[in-house]
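[1] Test case, fold it:
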Amino acid sequence: MGAMKNLRVVVFGAGSIGCYLGGYLQSAGAHVTFIGRERVKWDLDMKGMRLTHYKRRPIHIERNGVDYRLGYDVLADADVILVCVKSQDSAKAGSTIAQYARPDALIVSFQNGVSNAETLQQHSGRQTLAGIVPFNVTLSGRGEFHCGTEGDLIIQQDSDPRLATLAKGFRKSGIGAKLTPDIADYQWGKLLINLNNALSALSGGTLRAGLSQKSYRQVLAAMMEEGLTICKGAGINPKSFGKASVEKTLKILRMPNIVFKPVMNSILKIDENARSSMLDDLEAGRGSEVDFLQGEIVKLANATGQFAPINMMIMEQVHKAFAVHQSPNMTGDEMLNLFDSV
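    Below you'll find the predicted structure:
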């Protein structure tokens, strides 16, 4: 408990994922401070923080127990900084950390995509490790954050003792945490799964509602398979971070509904309320991470003399949706019909 209690953690970009991770760490005894938006601070000041999980018991932190800030001065006290901002804000976050944080602060990037840790280290001048959050967290009410899928955190391995303490804190709280030297391969594996975020934004519905449509799954499988092919063509071997490899996931997605639905209940573990963060961003009028998901596939294809027409097409559709701040509420069949233009 001593090492955990003495570890001063600051969550930079405390939205749904940041509040969930920080709240669990605080429940394990860590000293946690959150930095984020005024809207979130208002809700937490009024309601406190409630963390729910589709399988575990809820965690509640009273409103006077949540240290949520709008400014950055608290970064000067941080031993570990968990960065949970959107990928498009990584450079700005790194520059802010460079201005306020101690030179020896350890940064862990818990963000989507494959390049954020590098961007943060470049702009902050601080040691930065990559991390992967495999589960989904959405805002379910004022100050309430719900995890609707399963999985353990994966963090880049390092000899820094603060990392060992951090991982121990997550495990104590109930969140699994694995340390690995092969973080890049896991990041690409996560990115291929996260390609679904764009389809969820285009559908305007829950993850489960989308995946229940065979045509929706066909589009997702085609997009993931294209991404996997491009990765392997570039010498990248994406690793699975869950029960199913990317190849096995493709087979599952292509199953007929009568077979897929029982598999979704037993393997994928997605509850009725789980949504993608990209859909949340679209409805909240924020920017899109699609350039750091589908966009990374397109960029890799261009750099290695390959082609990614499916990922390019979906990326363009997402850009159109974010331009008008509204989901087109497309069905799986309507998404599949887009292939006529590829």
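[2] Tell me the secondary structure at residue 205.
    coil (DSSP: H, G, I helix; E, B strand; the rest coil).
[3] swap that for residue 186, sorry
    Secondary structure for residue 186, judged by three-state DSSP, is helix.
[4] okay, now it: neighbour count?
    Here the number of neighbours of residue 186 (other CB atoms under 10 Å) works out to 23. Just so you know, the C-beta spots here come from the backbone N, C-alpha and C atoms, and that holds for glycine as well.
[5] surely it meets residue 236?
    No: look at residue 186 against residue 236 with CB atoms under 8 Å: they stay out of range, at 11.3 Å.
[6] give me the element residue 162 is part of.
    Assigned by DSSP states H and E, residue 162 belongs to helix 161-173.
[7] okay, now the domains of this structure?
    2-181, 186-341 (automatic domain parsing).
[8] How far off centre is the first one?
    Relative to its chain's centre, domain 2-181 lies at 12 Å (CA atoms, centre = their mean, to the nearest Å).
[9] Quick check: closest non-adjacent residue to residue 329.
    Using CB to CB, 6 or more residues apart in numbering and skipping residues adjacent in sequence, the residue nearest residue 329 is residue 204, 4.1 Å away.
[10] Now for the one you found: which residues touch it?
    Counting by CB atoms under 8 Å, 6 or more residues apart in numbering, residue 204 makes contact with 279, 327, 328, 329, 330.
[11] Kindly report the same for residue 247.
    When contacts are counted by CB under 8 Å, 6+ apart, residue 247 touches residue 228.
[12] can you pull out the strands in the stretch 101-250 of the chain?
    Secondary structure of the stretch 101-250 of the chain (DSSP state E, counting those that start in this stretch): strands at 106-110, 128-132, 137-141, 144-147, 153-156, 177-180.
[13] Turn those strands into CSV, columns for mean pLDDT, mean neighbour count and distance to residue 200.
    Converted to CSV, the strands of the stretch 101-250 of the chain look like this (pLDDT from 0 to 100; neighbours: other CB atoms under 10 Å; distance: least, CB to CB, whole Å):
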stretch, mean pLDDT, mean neighbour count, distance to residue 200
strand 106-110, 98, 25, 20
strand 128-132, 98, 25, 19
strand 137-141, 88, 18, 11
strand 144-147, 94, 23, 16
strand 153-156, 97, 22, 22
strand 177-180, 96, 16, 26
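[14] TSV for these, including distance to residue 9?
    As requested, the strands of the stretch 101-250 of the chain are arranged in TSV below (distance: least, CB to CB, whole Å):
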stretch	distance to residue 9
strand 106-110	9
strand 128-132	13
strand 137-141	17
strand 144-147	17
strand 153-156	14
strand 177-180	14
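[15] closest one to residue 321 among those strands?
    Set against residue 321 and scored by CB to CB, the strands of the stretch 101-250 of the chain come closest in strand 137-141, at 18.4 Å.
[16] Name the residues that touch the helix or strand that contains residue 278?
    According to DSSP H and E, residue 278 maps onto helix 277-284. The contact list for helix 277-284 (CB under 8 Å, 6+ apart) reads 16-17, 86, 112, 136-139, 197-198, 200-201, 204, 287-290, 318, 321-322, 325-327.
[17] try stretch 83-103
    Outside stretch 83-103, the residues touching it (CB under 8 Å, 6+ apart) are 11-15, 17-18, 21, 72-73, 75-76, 78, 81, 105, 107-113, 115-116, 119-126, 281, 286-287, 289, 291-292.
[18] Which parts of it count as buried, going by neighbours?
    83-90, 93-94, 96-98, 100-101 (16 or more other CB atoms under 10 Å).
[19] Please apply the same query to stretch 106-126.
    106-117, 119-121, 123-124, 126.
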